[in-house]
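Student: Dropping a prediction and its sequence here:
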Amino acid sequence: MATGWNAEGRGSSTERGYGGRWRKLRDRIMRRDKGLCQPCLAVGRVMPAVAVDHIVPKAEGGTDADENLQAICKACHKRKTENESRRARTNLRAGGRGQKF
């Protein structure tokens with residue numbers, strides 16, 4: 001059984017809300033953040049960004065508002081996604097009674 005990026009029924013990027021509108025929004029955020037990873041900058045490192053990330057994930061109530069988006073490097077994005085996945089699994093095991101986000 002495939003999980004994560006390969007999960008069946010996950011839908012295309014457009015079906016998940018990452019079509020033309022998202023690409024324009026992504027480009028604007030990358031320009032705003034000068035193509036630099038914002039979490040890295042916050043700790044004094046300068047790294048090129050490769051993606052635009054939801055600071056508060058949409059699954060946890062985040063939105064596509066500019067203030068909830070940041071340019072992010074591959075390492076930071078991987079670490080953040082792993083943490084978010086861990087929280088989601090913990091919440092599921094708790095029967096949805098876990099921490100509210």
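Tutor: That came through fine.
Student: elements contacting the lengthiest helix in the chain?
Tutor: In the chain, taking DSSP state H as the definition, the longest helix is helix 74-93. Using 3 or more CB pairs under 8 Å, 6 or more residues apart in numbering; DSSP states H and E, the elements in contact with helix 74-93 are helix 38-42, strand 51-54. For the C-beta atoms, the positions are set from N, CA and C on the backbone; glycine is no exception.
Student: Tell me which of the ones you listed sits most buried.
Tutor: Among the helices and strands packed on helix 74-93, strand 51-54 has the highest mean neighbour count (mean count of other CB atoms under 10 Å), at a mean of 19.
Student: Identify all contacting residues around that one.
Tutor: 25-26, 29-30, 62-64, 68-72, 74, 76-77, 80 (CB atoms under 8 Å, 6 or more residues apart in numbering).
Student: what's the distance between stretch 50-70 and the middle of its chain?
Tutor: 6 Å (CA atoms, centre = their mean, to the nearest Å).
Student: With just CA atoms, put that stretch into CSV.
Tutor: Provided in CSV are the C-alpha atoms of stretch 50-70 (Å, rounded to 0.1, in the frame of the first residue of the first chain):
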residue,chain,number,x,y,z
VAL,A,50,13.0,25.6,-3.4
ALA,A,51,9.3,25.7,-2.3
VAL,A,52,6.6,27.9,-0.8
ASP,A,53,5.2,26.4,2.5
HIS,A,54,2.1,27.0,4.6
ILE,A,55,3.4,28.1,8.0
VAL,A,56,0.2,26.7,9.6
PRO,A,57,-0.7,23.7,7.4
LYS,A,58,-4.0,23.8,5.6
ALA,A,59,-4.9,20.5,7.4
GLU,A,60,-4.5,22.4,10.7
GLY,A,61,-6.6,25.4,9.6
GLY,A,62,-4.0,27.4,7.7
THR,A,63,-4.9,29.4,4.7
ASP,A,64,-3.3,30.6,1.4
ALA,A,65,-3.0,34.1,2.9
ASP,A,66,0.4,35.7,2.2
GLU,A,67,1.1,36.0,5.9
ASN,A,68,0.8,32.2,6.2
LEU,A,69,3.2,31.5,3.4
GLN,A,70,7.0,31.4,3.4
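Student: Thanks a lot, catch you later.
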